[in-house]
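> here's my sequence, what's the structure:
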Amino acid sequence: MAGLDSNTKLALLYFPIGGRAEAIRLTAAAGKIPFTNKVFTFPEFMDIKNDIEMLPLGQVPVLQMETDGKKSVITQSSAILRYFGKLGGLYPSDEVDALQVDSFLALLEDLLKPLVMTVGGAVRSLVSETEWTGEEKIEIRKRWMESSLPKFLGLVEKTLKGSESGWLVGESVTIADISWYTDLKWISGGILDGIPSTVFDDYPNIKALMERVEAVDGIEKWMGKYSKPYSTFEYEP
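Below you'll find the predicted structure:
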């Protein structure tokens with residue numbers, strides 16, 4: 001691990017699920033970054049949602065940082081992920097490699113947008129004043145699997161096929177690999193109506209990448225020790 005002041009304490013606040021914090025947690029595990037995994041239930045979240053000192057935007061995850069008594073709160077999961085990646089050596093120092101990592105992170109975000117909207121709902125996503133029915137959500141996801149999925153996964157599959165290391169960028173795991181793993185694991189987890197757990201069967205190199213991420217030493221140990229729903233605990237590599 002590089003870059004973390006020994007006097008700095010980190011606490012990641014989120015729900016006890018994987019969600020938008022999971023890639024950050026697994027990056028900490030792979031990069032051997034000590035932090036407090038602080039979780040709360042949804043009712044507990046509603047009680048503190050309007051506390052702008054704790055949750056400046058009323059949303060999570062957030063990262064609480066304290067160094068020599070000075071405290072700060074960082075919002076936005078992508079920023080926190082990159083910070084952890086830099087601390088743990090999972091974000092390239094080479095500018096071109098970093099560009100490629102950022103590109104894969106942006107590709108993932110574009111892939112997920114329509115799907116995430118079906119989870120959040122039409123009203124919350126500001127696309128309609130009436131909510132989608134269950135059948136409408138499934139139809140949107142069907143179109144997503146037929147159009148967006150082949151487009152984006154095709155590029156990732158091609159990249160991995162040509163990769164001598166088996167990773168998306170460079171010779172070792174990066175936050176790009178971990179982010180794709182966590183979100184693809186969610187997509188194929190059988191919890192989204194209309195999306196089968198076999199959705200990635202036509203992408204052998206992507207499935208191999210997911211297995212490689214799970215085999216990363218720190219991540220394998222994390223998965224062997226912690227299970228969802230998470231509790232609040234101090235993570236010490």
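
> remind me, longest helix of this structure?
Assignment by DSSP state H gives helix 95-120 as the longest helix of the chain.

> now that helix: buried residues?
For helix 95-120, the neighbour count (16 or more other C-beta atoms under 10 Å) marks 97-98, 100-102, 104-105, 107-108, 111-112, 115, 117-118 as buried. C-beta coordinates here come from the backbone N, C-alpha and C atoms, glycine included.

> now do the contacts for residue 159.
Under the criterion of C-beta atoms under 8 Å, 6 or more residues apart in numbering, the contact partners of residue 159 comprise residue 168.

> quick one: it from residue 225, how far?
Between residue 159 and residue 225 the distance is 32 Å, computed by C-beta to C-beta, to the nearest Å.

> would you map the helices across the protein?
All helices of the chain, identified by DSSP H, fall at 22-31, 42-48, 77-88, 95-120, 134-146, 148-161, 175-187, 204-215, 217-225.

> relative to residue 193, tell me which of these wins on proximity.
Go through these one by one with C-beta to C-beta and the one that ends up closest to residue 193 is helix 134-146, at 5.7 Å.

> now the angle from the closest one to helix 95-120?
Here helix 134-146 runs at 160 degrees with respect to helix 95-120, directions being taken by axes from the mean of the first three to the mean of the last three C-alpha atoms, to 10 degrees.

> which residues are in contact with helix 134-146?
Counting by C-beta under 8 Å, 6+ apart, the neighbours of helix 134-146 from elsewhere in the structure are 114, 115, 117, 118, 132, 192, 193, 194, 195, 199.

> rebuild those residues as CSV, extending it with distance to residue 235 and pLDDT.
Below are those laid out as CSV (distance: C-beta to C-beta, whole Å; pLDDT from 0 to 100):
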residue, distance to residue 235, pLDDT
114, 33, 94
115, 29, 95
117, 32, 94
118, 32, 95
132, 38, 92
192, 29, 96
193, 33, 96
194, 35, 96
195, 31, 97
199, 31, 96
